[in-house]
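Trainee: the following comprises the amino acid sequence and a computationally predicted model.
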Amino acid sequence: MFKNVLITLGLLCSLTIVSAQEPYQFTEVIDLEATPVISQGRTGTCWSFSSTSFLESEIIRLTGKQIDLSEMYTVRNTYPKKADNFVMRQGKAQFSEGGLAHDVMNSVAEYGLVPNTAFSGLLQGETYHNHAELVAVLRSMVETYVDNPGKKLSKKWKDAVEAVLTVYMGENPKSFEYEGKTYTPQSFLELTKINPSDYVNITSFAHSPFYEKFILNIPDNWSYGSFYNVPLDEMISTIDNALENGFTVELDCDVSERTFSSKNGVAVIPESDENYKKALEAIYPEKQITQQYRQDEFENYTTTDDHLMHITGILKDQNGTKYYKVKNSWGTDASRNANGGYVYFSESYMRLKAISITVHKDAVAKALAKKLGW
């Protein structure tokens, strides 16, 4: 009898081990419409590519139209703002390629939108975005202005920044043709039905009161945008509520972990450190992410803000575990990007590594909206 029990237990353990190592098999539960995956090239402009993809899905939802918007029009109009912030703060601010979703919304509100056919940010003969030289030149310029070698800063520096942007990216369009009609950036914005004030930023960190707004102190928040702070469970439920009701979600996250892989197309948080590499190819138990653990990992710099992406759906693996379908902007080369350029985030990864989300205010559950004072 005792021997039979041991044999049975041994078989159960073996079955558990096999089950825990099964290769991923995903089934789509929700798959909202999005424009094709494209590459941000050699630029740090994921914030514009992902947020623009998010707006493209919003245009589909609002109008039924699929429009290829210009990511670089927003980038082109945001660089002077970054330069002004850096120079006026005498170099005590961030000046880099990075940004956040609200930078796109701010640009849309002030400068409108244009299709990619009106402004690609590529000059004649170019097929690939590469801002390495542009950024080096701009950084050198703004640092020179902060050093103020002339002892009195002239107003010419702003024209100089604009001139460099025009040389490297092209001149901003004032009007353009689209589907047989003439538009300005503002009239084209009206066509899309996008209202930038309809979108809200939500995060979850315990160092600030919940259900209030605060400025999230991360390096790429150079424009000092504010976020609604909610408990972690409610941030995750907001993502779910949005997707279940036909709204996609913009995501700011950390992809520096060894368990994020665009090549494998998954992002997970294994319970055991020993399974970090193996968990990219097969199912292993994951950590339970609490509010406190999330906070600790943020405050010790293990979780950082380094990439923005676009959540367009929900999947489940063969065990019924939930994953999020997340659109990346690194292209579709199958040797480097699985799933056609999408990465499937486990809920554990999302709970730990999602810095913030941006959604249409109508995607927020009424109970939470009431707590936020809407």
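Mentor: Structure received.

Trainee: enumerate every residue touching the closest residue to K82 other than its chain neighbours.
Mentor: In space, and not counting its chain neighbours, K82 is closest to F95: 5.7 Å by Cβ to Cβ, 6 or more residues apart in numbering. From N, CA and C alone the C-beta is placed, and that goes for glycine too. Neighbouring residues of F95 by Cβ atoms under 8 Å, 6 or more residues apart in numbering: 82-83, 85-86, 138-139, 142, 222.

Trainee: and for G99?
Mentor: Counted by Cβ under 8 Å, 6+ apart, G99 has contacts 45, 47-48, 78, 82, 220, 222-223.

Trainee: mind redoing it with 6 Å?
Mentor: By Cβ atoms under 6 Å, 6 or more residues apart in numbering, the contact set of G99 is 47, 220.

Trainee: quick one: pLDDT of it?
Mentor: Looking at G99, its pLDDT is 98.

Trainee: could you pull up phi and psi at it?
Mentor: phi -170, psi -170 (degrees, to the nearest 10).

Trainee: among the contacts of F95, which are in strands?
Mentor: Among these, DSSP state E puts none in strands.

Trainee: could I get those residues as JSON lines with distance to L315 and neighbour count?
Mentor: Below are the contacts of F95 laid out as JSON lines (distance: Cβ to Cβ, whole Å; neighbours: other Cβ atoms under 10 Å):
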{"residue": "K82", "distance to L315": "37", "neighbour count": "22"}
{"residue": "A83", "distance to L315": "42", "neighbour count": "23"}
{"residue": "N85", "distance to L315": "40", "neighbour count": "16"}
{"residue": "F86", "distance to L315": "41", "neighbour count": "22"}
{"residue": "L138", "distance to L315": "40", "neighbour count": "24"}
{"residue": "R139", "distance to L315": "41", "neighbour count": "15"}
{"residue": "V142", "distance to L315": "44", "neighbour count": "23"}
{"residue": "W222", "distance to L315": "34", "neighbour count": "21"}
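
Trainee: now, these that are in helices?
Mentor: Within the contacts of F95, residues falling in helices by DSSP state H are 82-83, 85-86, 138-139, 142.

Trainee: count of neighbours near the closest residue to V200 other than its chain neighbours?
Mentor: Nearest-residue entry for V200: K361, 5.2 Å, with adjacent residues in sequence omitted and distances by Cβ to Cβ, 6+ apart. Counted by other Cβ atoms under 10 Å, the residues lying close to K361 total 14.
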